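*Asks:* what's the 3D shape of this:
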Amino acid sequence: MRKDFSRLPGEHIVTWLLRCWDNGANSLELEDREARQLGSLSREGGIDTVIRKKTQALSLWRRLLSGMRERYPLSEDVVCHPSKWTTMERGIQYLRELAVRKMIYHDLDNAQLPTDPDEIQCTRPMWRKFVQSAPLTHANSLAVMEWKGEEGPMVNEVAARLQQYEESLSSPLISAVEKLSWKVQQENVILSTCIGQHLSY
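*Replies:* Residues are numbered from 1 along each chain as shown. As a prediction, the model looks like this:
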């Protein structure tokens with residue numbers, strides 16, 4: 001069990017939390033004695049202490065979120081990867097990490113709030129961060145995506161739209177345009193080489 005939930009060396013803390021969710025941390029109910037036997041999961045003493053000290057039976061997921069919130073009381077202290085993602089799969093993971101970060105600061109006792117990062121509302125600030133992390137080839141198209149109504153969609157709905165967007169990019173027309181663009185670039189290289197050789201004579 002520890003290998004599924006232990007943070008890897010160098011692993012970003014929010015990436016680790018999302019991996020714990022994906023590995024079933026929410027369905028793993030732990031009594032305090034069982035939690036104490038886990039040892040160090042987060043590689044941060046403050047978080048591990050909180051995970052172990054809760055006396056009531058709680059899911060590992062809730063213990064992890066409580067530990068994070070106690071260790072990092074201000075949301076500004078928890079930063080998601082600011083670097084550009086290069087594949088849509090990685091982009092969707094980044095969006096899910098933003099949802100996990102938001103969950104850390106939810107009221108964990110409020111049963112009305114989702115426990116699943118994929119059911120978190122994708123707010124405009126989250127979307128802005130996502131678009132800013134997108135490669136230039138996608139950023140303009142993603143920036144004009146609109147929400148219907150005042151409330152943003154859930155993260156899983158946005159992920160589905162992003163997958164549709166990616167599939168539309170692999171359509172025959174897009175593929176043909178990319179091939180044509182590549183051919184034009186190649187011809188420009190050949191042409192500039194010929195002109196350069198001609199001028200050198």
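
*Asks:* please tell me I have it right and Leu64 contacts Leu17.
*Replies:* Yes: contact criterion C-beta atoms under 8 Å: Leu64 and Leu17 qualify, at 6.1 Å. (Glycine included, C-beta is placed from N, CA and C.)

*Asks:* the helices in this protein, which residues?
*Replies:* 2-5, 13-22, 32-36, 45-53, 60-71, 88-104, 124-132, 136-143, 155-169, 172-200 (DSSP state H).

*Asks:* would you turn the ones you listed into CSV with distance to Asp118, mean neighbour count and mean pLDDT?
*Replies:* Compiled in CSV, those are given as follows (distance: least, C-beta to C-beta, whole Å; neighbours: other C-beta atoms under 10 Å; pLDDT from 0 to 100):
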stretch, distance to Asp118, mean neighbour count, mean pLDDT
helix 2-5, 19, 13, 84
helix 13-22, 9, 20, 96
helix 32-36, 25, 14, 83
helix 45-53, 23, 18, 86
helix 60-71, 13, 22, 93
helix 88-104, 7, 21, 95
helix 124-132, 13, 15, 91
helix 136-143, 19, 12, 86
helix 155-169, 4, 16, 91
helix 172-200, 28, 10, 57
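
*Asks:* want to throw those into CSV with distance to Pro114?
*Replies:* What follows is those, written out as CSV (distance: least, C-beta to C-beta, whole Å):
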stretch, distance to Pro114
helix 2-5, 21
helix 13-22, 12
helix 32-36, 23
helix 45-53, 21
helix 60-71, 12
helix 88-104, 8
helix 124-132, 14
helix 136-143, 24
helix 155-169, 10
helix 172-200, 35
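
*Asks:* pick out the residue closest to the middle of the chain.
*Replies:* Residue closest to the average C-alpha location in the chain (C-alpha atoms, centre = their mean): Tyr94, at 1.9 Å.

*Asks:* what is the burial count for the nearest residue to that one once chain neighbours are set aside?
*Replies:* Leaving aside its chain neighbours, Tyr94 sits nearest to Trp85 (5.4 Å; criterion: C-beta to C-beta, 6 or more residues apart in numbering). The local packing of Trp85 (other C-beta atoms under 10 Å) involves 18 other residues.

*Asks:* next one: Trp85 from Lys129, what distance?
*Replies:* For Trp85, the distance to Lys129 equals 11 Å [C-beta to C-beta, to the nearest Å].
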